[in-house]
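Chemist: structure of the sequence below:
(chains A and B)
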Amino acid sequence: MAETTMVGAIQMALARALEEDPRVVVIGEDVGVNGGVFRATDGLQQRFGESRVLDTPLAETVLAGMSIGMAAQGMRPVAEFQFMGFIYPALDQVINHAGRLRNRTRGRLTCPLVFRAPMGAGIHAPEHHSESTEVLFAHIPGIRVVIPSSPARAYGLLLSAIADPDPVMFFEPTRLYRATKEEVEDNGHGLPLDVCFTLREGTDVTLVCWGAVVKETLAAAALLGGEGISAEVIDVATVSPLDFDTILASVEKTGRLVIVHEAPYNFGPGAEIGARIAERGLLSLQAPIERVTAPDVVVPLLRLEKAYMPSEKDIVEAARRAVHFQ
Amino acid sequence: MTATPSEKSFRANASTSGVVERIVAEFAIPHRQYLDGTGALTGEPPAFARDQATMVALYRAMTLTRIFDAKAIALQRTGQLGTYPSCAGQEAVGIGYASAMRPEDVMFITYREQPAQIWRGVTLTELLQFWGGDERGCNYAGPREDFPPAVPIASQAPHAVGAATAFKLRNQPRAAVCALGDGATSKGDFYESVNLAGVWKLPVVFLVIDNFWAISLPREKQTACETLAQKAIAGGIPGIQVDGNDITAVREVMDEALARARSGEGATVVEAITYRMGDHTTADDASRYRREELVSAAWKLDPLARLRTYLAGQNWWNKGDEEQLIAEAREKVDAAVAEYLAIPPPEPTSMFDHLFETLPPSLRWQRARYTRR
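Modeler: All right, here's what the predicted structure looks like:
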């Protein structure tokens, strides 16, 4: 078993899927010879050939739409969009077609596809390369939104996304691509979709997060532990459909909830989680819900991106406010 | 061929400035017609046009479609159907291209393609169910792989390209047919699809049904292009224009384009010139934007009358045949209407049942709320 980065784990999962399922094809801009802008498809075309790993012209609408046509024909396309900020031309296809083909044909035609896109700030990239707009997709019926936060979860969740019979948006935090390495066994085993992962158990406060900020949240939990505050950390992983029961059970235990996301505050995914706690877990709360998010501004260019992203300090302070609330 | 505006201006600049230019590429768009507006042959028609059974079958399908269409409008006007787009006047295009397809080819359409759907085996009851607001109407018992109508305009073009990619990767001698309107050729979806189909040499035919109107916008305000077929040129594929009210021309050109597609020669854009006789939909009032004279002039080119004249001229069709056909078609349509009206509405919980293959546990409580009490 070898240590690998998240981008390495994604490449490993793609190779495994291509090897095990002849219906799987990897398509996108620069995914072939170049191996993808982040090298997530590195070596795949050399290994599996040009009929399994296809470079498309620079056109996101047709990339999304052709994936739907291929999926309905029984293939399993895994399309790479170079950045979340470049996926918007495909929104029409995602909303009007991918998310509803099964429903509008009563199951006659289906859409087993994966749209991968890097997301988030923190790698000093140019404009439009730092988006966290997962909530746009989470609002759409009929599609899944999955965001991994470690190499092992990237490997397992991507394999499950590819095997899933319905469309999955798979957003990969660029900040985590090469941030850490861990041992990932290339065993072909998927991890379950539609469930949260409890990464650390605790009794005083529930920290809910996903994607890149899982790193800061875990660090914050460790620091809080030193202060005698026992924090539970939940990685949502599948943002939609949301496994709310796991979050509710944790809040019923701890009585305090801090929601952390890199997406902006206004109508952010945290609003949905907070509202559901208000509906079904209000009497368990011993303190107001805290949200640690990016502000409601345009993602700044690289000089200010550190200031923009939620920090470990922000999370620690929010958790302290919740725990010490009188 | 006449020079395009850009050629003219560039040539003018070149001649005054002494720049030496040469033509690096030239293009032409052919137009095909066998039966003129009066139903007379303009030249030697394709072999199938000499076959009585084939031609009568096409005419019968066109007539059935028109009678169905009139009935659907009547149902909408009496509150028994939802908003409905009339296909009157476009029967030769729809039956023409669908009859050139093989069962294993796959169709990607917009709305108003009832003629092609009926030929492909979508039942009249299914059509009424869909336009009557029931998703079950798109679970076709016949053409299982055909897509239901794409309403957003041109968004089905990428799907056709995707299916064509699947055929090519699997080495299947099949083709995808993408039928779209004149307005759809202004959209990026169309250009992106034509471009990919060209560069990957995909087995797909883009059939542009130029019915002159995109709701209220006439063809001349949609584009500065002389033809819509020439939009193929930017994708590096052939484009051809056909008289869309001449079913022999539509079918023959589609036969050729589909043969090219299936044999690995790549994609084609076919522009079929026809006319939208009715309103955009039953929710539209075309008298707000087009003069009645335009419509009455278009009726003189009616594809049904044209084919009927041809059939009669061959002694393949007479008044008795016509009366019998109309009676049979009405009976068939009435039977479908009765069947449609007898179908109870779907259960409210069915809104959840085809959202995903398996309803995620987190949505079960919502579904439970819609259980009939």
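Chemist: which helices and strands does the lengthiest strand in chain A pack with?
Modeler: Here the longest strand in chain A is taken by residue count, with DSSP state E as the criterion, and it is strand A:257-264. The elements that strand A:257-264 packs onto, with contact taken as 3 or more Cβ pairs under 8 Å, 6 or more residues apart in numbering or on different chains; DSSP states H and E, are strand A:205-209, helix A:213-226, helix A:269-280, strand A:290-294, helix A:312-323. For glycine as for every other residue, the C-beta is placed from the backbone atoms N, C-alpha and C.
Chemist: what helices or strands is the fourth one leaning on?
Modeler: Applying 3+ Cβ pairs under 8 Å, 6+ apart, one finds that strand A:290-294 makes contact with strand A:257-264, helix A:269-280, helix A:312-323.
Chemist: which residues of the chain fall in helices?
Modeler: In the absence of a named chain, this looks at chain A. A:6-20, A:44-48, A:60-72, A:91-93, A:101-104, A:134-138, A:151-163, A:174-177, A:213-226, A:244-254, A:269-280, A:305-308, A:312-323 (DSSP state H).
Chemist: um, chain B though
Modeler: Along chain B, the segments classed as helices by DSSP H run B:5-17, B:52-77, B:91-100, B:114-120, B:124-131, B:157-169, B:188-199, B:219-222, B:247-262, B:292-299, B:303-313, B:319-342, B:350-353, B:364-369.
Chemist: go through those and name the closest to chain A.
Modeler: The minimum distance between chain A and the helices of chain B falls on helix B:157-169, with 2.2 Å, by Cβ to the nearest Cβ.
Chemist: tell me which residues of the closest one come out buried.
Modeler: Taking 16 or more other Cβ atoms under 10 Å in any protein chain shown as the neighbour-count basis, helix B:157-169 is seen to contain the buried residues B:157-168.
Chemist: and stretch A:170-190, by the same measure?
Modeler: Of the residues in stretch A:170-190, A:170-177, A:179, A:184, A:190 count as buried by neighbour count, 16+ other Cβ under 10 Å.
Chemist: and for stretch B:331-341?
Modeler: In stretch B:331-341, counting by 16+ other Cβ under 10 Å, buried: B:333, B:336-337, B:340.
Chemist: is A:H189 in contact with A:G156, as I believe?
Modeler: Yes - taking contact to mean Cβ atoms under 8 Å, the distance of 6.4 Å between A:H189 and A:G156 places them in contact.
Chemist: list the contacts of the residue nearest to A:S160 when sequence neighbours are not counted.
Modeler: Once flanking residues are discounted, A:S160 sits nearest to A:G190: 3.4 Å by Cβ to Cβ, 6 or more residues apart in numbering or on different chains. Taking Cβ atoms under 8 Å, 6 or more residues apart in numbering or on different chains as the criterion, A:G190 is in contact with A:156-157, A:159-160, A:163.
Chemist: most neighbours among the residues you listed, which one?
Modeler: Among the contacts of A:G190, A:L157 has the most neighbours (other Cβ atoms under 10 Å in any protein chain shown), with 27 neighbours.
Chemist: give me every residue in the stretch 251-373 of chain B lying close to chain A.
Modeler: When proximity is defined as Cβ under 8 Å from any Cβ of the partner chain, the stretch 251-373 of chain B approaches chain A at B:354-357, B:360-363.
Chemist: which of those residues count as buried?
Modeler: Judged by neighbour count, with 16+ other Cβ under 10 Å as the criterion, the buried members of these are B:354-356, B:360, B:362-363.
Chemist: what's the neighbour count on B:L35?
Modeler: Here the neighbour count serves as a burial measure; for B:L35 (other Cβ under 10 Å) it reads 24.
Chemist: hey, what's it bridged with?
Modeler: B:L35 forms beta bridges with B:L41, as assigned by DSSP bridges.
Chemist: is the residue positioned nearest the centre of chain B in a bridge, and if so with what?
Modeler: Compute the mean C-alpha point of chain B, and by Cα atoms, centre = their mean the closest residue is B:A179, 4.4 Å away. Residues found in beta-bridge contact with B:A179 (criterion: DSSP bridges) are B:L207.
Chemist: is it true that it touches B:L207?
Modeler: Yes - the pair B:A179 and B:L207 qualifies as a contact (Cβ under 8 Å) at a distance of 4.7 Å.
Chemist: now chain B, which segments are flagged as low pLDDT?
Modeler: For chain B, the stretches with pLDDT under 70 are B:1-16, B:372-373.
Chemist: can you do 90?
Modeler: Confidence mapping of chain B against pLDDT under 90 gives the ranges B:1-21, B:372-373.
Chemist: what is the burial count for B:E21?
Modeler: Summarising burial for B:E21: neighbours were counted as other Cβ under 10 Å, giving 11.
Chemist: returning to what we had before: find residues that contact each of B:A179 and B:L207.
Modeler: Contact criterion Cβ under 8 Å, 6+ apart; residues bridging B:A179 and B:L207 by contacting each: B:Y97.
Chemist: contacting residues around B:L301?
Modeler: Counting by Cβ under 8 Å, 6+ apart, the residues that B:L301 touches are B:37, B:245, B:275.
Chemist: between the residues you listed, which is nearest A:D296?
Modeler: Distances from those to A:D296 were compared by Cβ to Cβ; the smallest belongs to B:Y275, at 51.2 Å.
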